[in-house]
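Asks: Next comes the sequence, and after it the predicted model I'd like to discuss.
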Amino acid sequence: MSRMRHTRGARVATAALALAAVAACSPSPTPETSPVTSTPLPSTSAAPTEPSKPAQPSRPKPTQPTAAEQARLDADLRDAAWENDVTRAKALVARGADVNAKDETQQSAYLVATSEGRLALLRLALANGAKVDDKDSWNGTGLIRAAERGHGLVVGELLQAGIDRDHVNRIGYQAIHEAVWLGRDTTSYVDTLRVLVAGGVELTRPSGSEGLTPLQMARERGFDRLAGVLVKATAAKTVADPDAALLAAAERGDADAVASALRAGADLEARDAKRRTALLLAVTGDHVDAARVLVAMGADPDALDDRHDTPWLVTGVTGSVAMLETLLPAGPDLTIRNRYGGVSVIPASERGHVDYVRRVVKTGIDVNHVNDLGWTALLEAVILGDGGPRHQEIVRILLAAGADRSVGDKEGVTALEHARSKGYTAIARLLEQP
């Protein structure tokens, strides 16, 4: 497939050598090199002399690839970036592929990751020496490319990496101009604008071509949602206590106020009196818009409060699939336990959150985790469930995901035995199936 040059809305299109170890025949030993065969003299030191270890064969040093081999590695890495093949990209980087190497159209694996919204690839590139302020053929940064496409998470990652947030490309656009003038009035662009606001970008500079500010651009395009974000951002008053403003905005679900508080310098991990962060407050209230801004800016999904809850654990209580999806890019620790020793699938199963359980079992979470009460998700679905359609479906999902029906509670009573004792005949039939 040809790779087109990145334009406004269109993307611009080892072998390793091994050394063989050769053993040479040794000449007759000389006095300097002959091994000692007679009984050694006693040591005069206090500590006994340790016997010498046999010499280890030296490992051949890896050779540097030739220019042709390096070019092939770099081209393969760019292909992997276009194809979003993270596994292959990791292997190529490990072999020496350069994330900054460009083709004739000024595309590199790093720049491809920014324009195509490849978050995992971007993180791989940043961890392996990506030149964060590198430019494409339009003298644009990765931030401009990501903003144009409405990749809010990538925009946030780049801002955290310290990219030049106000760079102007050769047609006079900053990232925020491209997000508005070349974007759409959709949720992904609303999120992108809020992340740019939170990251502190300039909001009122006119574009070089049209001479319009981002707000004027939004109004010219008839983008009411984008205009609304920019009106609030430019009209925001000075925030006296940014941390308190952030926590209050997250708790009430005001995503624009969250962005403004971060812009004013709020600590992303500020805590309230109960040790709750802004992200935990947003998750508790199921305020997905606010949570998306916080996640994009790097909020911790594993921050524990005084009840031993985290943003991720709370999703199992609320059962919000939308919030689960919002937190996954933040890389939550699925093994962190709540105050009962459980992981998120357990309270979700107990509460009958069918859609959540159906999604969370695909994350790799341990469906057979046992909490401090001695219960798995399957046991909780039976013991604390009502035996109705929702809990029946959860039992089906858990069994299909590998839940072990033979695990008993602390008294050794299995889920099947509990179902029978409760008269949950439909669930009992499910558990009786081989």
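Replies: Thanks, I have it.
Asks: Contacts only, for the residue lying closest to Trp312 once chain neighbours are set aside.
Replies: Leaving aside its chain neighbours, Trp312 sits nearest to Pro332 (3.7 Å; criterion: C-beta to C-beta, 6 or more residues apart in numbering). Quick note: C-beta positions are derived from backbone N, CA and C, even for glycine. If you count contacts by C-beta atoms under 8 Å, 6 or more residues apart in numbering, Pro332 has them with 301-302, 310-312.
Asks: run the last query once more with 7 Å
Replies: The contact partners of Pro332, by C-beta atoms under 7 Å, 6 or more residues apart in numbering, come to 301-302, 312.
Asks: can you list the domain ranges for the protein.
Replies: According to automatic domain parsing, the chain comprises the domains 65-131, 334-434.
Asks: and Ala236, which of these is closest to it?
Replies: Nearest to Ala236 among the domains of the chain is domain 65-131 (28.0 Å), distances taken as C-beta to C-beta.
Asks: can you tell me the distance between the two ends of that closest one?
Replies: Domain 65-131 has its terminal residues 22 Å apart, counting by C-alpha to C-alpha, to the nearest Å.
Asks: and of the domains of the chain, who's closest to Gly265?
Replies: domain 65-131 (23.9 Å).
Asks: from the middle of its chain, how far away would that closest one be?
Replies: 18 Å (C-alpha atoms, centre = their mean, to the nearest Å).
Asks: if we can go back for a sec, now list the buried members of the contacts of Pro332.
Replies: 301-302, 312 (16 or more other C-beta atoms under 10 Å).
Asks: Tabulate the residues you listed in JSON lines, adding columns for secondary structure.
Replies: Listed next are the buried ones among the contacts of Pro332 as JSON lines, based on DSSP: H, G, I helix; E, B strand; the rest coil:
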{"residue": "Pro301", "secondary structure": "coil"}
{"residue": "Asp302", "secondary structure": "coil"}
{"residue": "Trp312", "secondary structure": "helix"}
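Asks: Dump these to CSV, plus distance to Glu325.
Replies: What follows is those, written out as CSV (distance: C-beta to C-beta, whole Å):
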residue, distance to Glu325
Pro301, 12
Asp302, 17
Trp312, 12
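Asks: for Gln433, what are its contacts?
Replies: So Gln433 contacts nothing (C-beta under 7 Å, 6+ apart).
Asks: confidence score at it?
Replies: pLDDT for Gln433: 92.
Asks: follow-up on the earlier one: go through the buried ones among the contacts of Pro332 and name the one nearest Ala377.
Replies: When these are compared against Ala377 (criterion: C-beta to C-beta), the nearest one is Trp312, at 15.5 Å.
Asks: Show the pLDDT at the closest one.
Replies: In this model, Trp312 carries a pLDDT of 98.
Asks: For it, give its distance to Ala68.
Replies: 47 Å (C-beta to C-beta, to the nearest Å).
Asks: coming back round to it: nearest to Val382, out of the contacts of Pro332: which one, please.
Replies: Out of the contacts of Pro332, the member with the shortest distance to Val382 (by C-beta to C-beta) is Trp312, at 24.7 Å.
Asks: That closest one contacts Leu328, correct?
Replies: No. Using C-beta atoms under 7 Å, Trp312 is not in contact with Leu328, being 9.1 Å away.
Asks: Now name the helix or strand holding Leu122.
Replies: Leu122 belongs to helix 119-127 when assigned by DSSP states H and E.
Asks: Could you list the low-pLDDT ranges of the chain?
Replies: 1-62 (pLDDT under 70).
Asks: the longest helix in it is where?
Replies: Secondary structure of the chain per DSSP state H: the longest helix is helix 67-82.
Asks: List the buried residues for that helix?
Replies: 69-70, 72-74, 76-82.
Asks: got JSON lines for those, with distance to Ala175 too?
Replies: Formatted as JSON lines, the buried residues of helix 67-82 follow (distance: C-beta to C-beta, whole Å):
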{"residue": "Glu69", "distance to Ala175": "36"}
{"residue": "Gln70", "distance to Ala175": "32"}
{"residue": "Arg72", "distance to Ala175": "33"}
{"residue": "Leu73", "distance to Ala175": "31"}
{"residue": "Asp74", "distance to Ala175": "27"}
{"residue": "Asp76", "distance to Ala175": "30"}
{"residue": "Leu77", "distance to Ala175": "25"}
{"residue": "Arg78", "distance to Ala175": "23"}
{"residue": "Asp79", "distance to Ala175": "27"}
{"residue": "Ala80", "distance to Ala175": "26"}
{"residue": "Ala81", "distance to Ala175": "21"}
{"residue": "Trp82", "distance to Ala175": "22"}
